[in-house]
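S.K.: Just to be clear, the model below is a prediction. Sequence and coordinates:
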Amino acid sequence: MLEMLKIFRPPENRWAWLVAVAADILQFVALPVFGEGVLSAADIALDIVVAAALSKLIGWHWAFLPTFLVELVPGLDLFPTWTAAVFYVTRQHAHSREPEIIPPAQ
């Protein structure tokens, strides 16, 4: 369990999580506004803002591209795709920052 908390340590990660979760909740709660996917200007604007904010906070990652494309499909906004992408990216960052432990020479 403590291993999972590493993804929340840097403040940028916490802000990225907040942005992603807020966007996914907003898209779910305001489904009539965002439910049309690519046909909704509000949906496209929100997704562009979220993608830009996440890229600024935690850096560009390839996981954001399929997430953005899935967000354009009507009805798939019900799945928390931004949250899933941030989970994937921050989990990778947490593991890549761990120091490598080299065993002592024999």
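M.R.: Alright, I've got the coordinates.

S.K.: so how far is the helix or strand of the chain at the bottom of the mean pLDDT ranking off the chain centroid?
M.R.: Of all helical and strand segments in the chain, the minimum by mean pLDDT, DSSP states H and E falls on helix 31-34, at a mean of 78. Relative to its parent chain, helix 31-34 has a centroid offset of 20 Å by CA atoms, centre = their mean, to the nearest Å.

S.K.: For residue 57, list the residues it contacts.
M.R.: When the contact criterion is CB atoms under 8 Å, 6 or more residues apart in numbering, the partners of residue 57 are 12-13, 15-16, 19. C-beta here means a position set from N, CA and C on the backbone, and glycine is covered the same way.

S.K.: By neighbour count, which of those residues wins?
M.R.: residue 16 (29 neighbours; other CB atoms under 10 Å).

S.K.: how much space between that residue and residue 32?
M.R.: For residue 16, the distance to residue 32 under the criterion CB to CB, to the nearest Å works out to 27 Å.

S.K.: quick one: contacts for the one residue sitting closest to the centre of the chain?
M.R.: Centroid check for the chain by CA atoms, centre = their mean gives residue 86 as the closest residue, at 2.7 Å. When the contact criterion is CB under 8 Å, 6+ apart, the partners of residue 86 are 16-17, 19-20, 54, 58.

S.K.: Go through these and say which is closest to residue 81.
M.R.: Nearest to residue 81 among those: residue 20, at 8.8 Å, using CB to CB.

S.K.: what helices or strands is the helix or strand where the closest one lies leaning on?
M.R.: Applying DSSP states H and E as the criterion places residue 20 in helix 11-29. Using 3 or more CB pairs under 8 Å, 6 or more residues apart in numbering; DSSP states H and E as the contact definition, the elements that helix 11-29 packs against are helix 41-58, helix 81-96.

S.K.: who's in contact with it?
M.R.: Around helix 11-29, the neighbours that count as contacts under CB under 8 Å, 6+ apart are 7-8, 34, 43, 46-47, 50, 53-54, 57-58, 71, 77-78, 80-83, 85-86, 89-90, 93.
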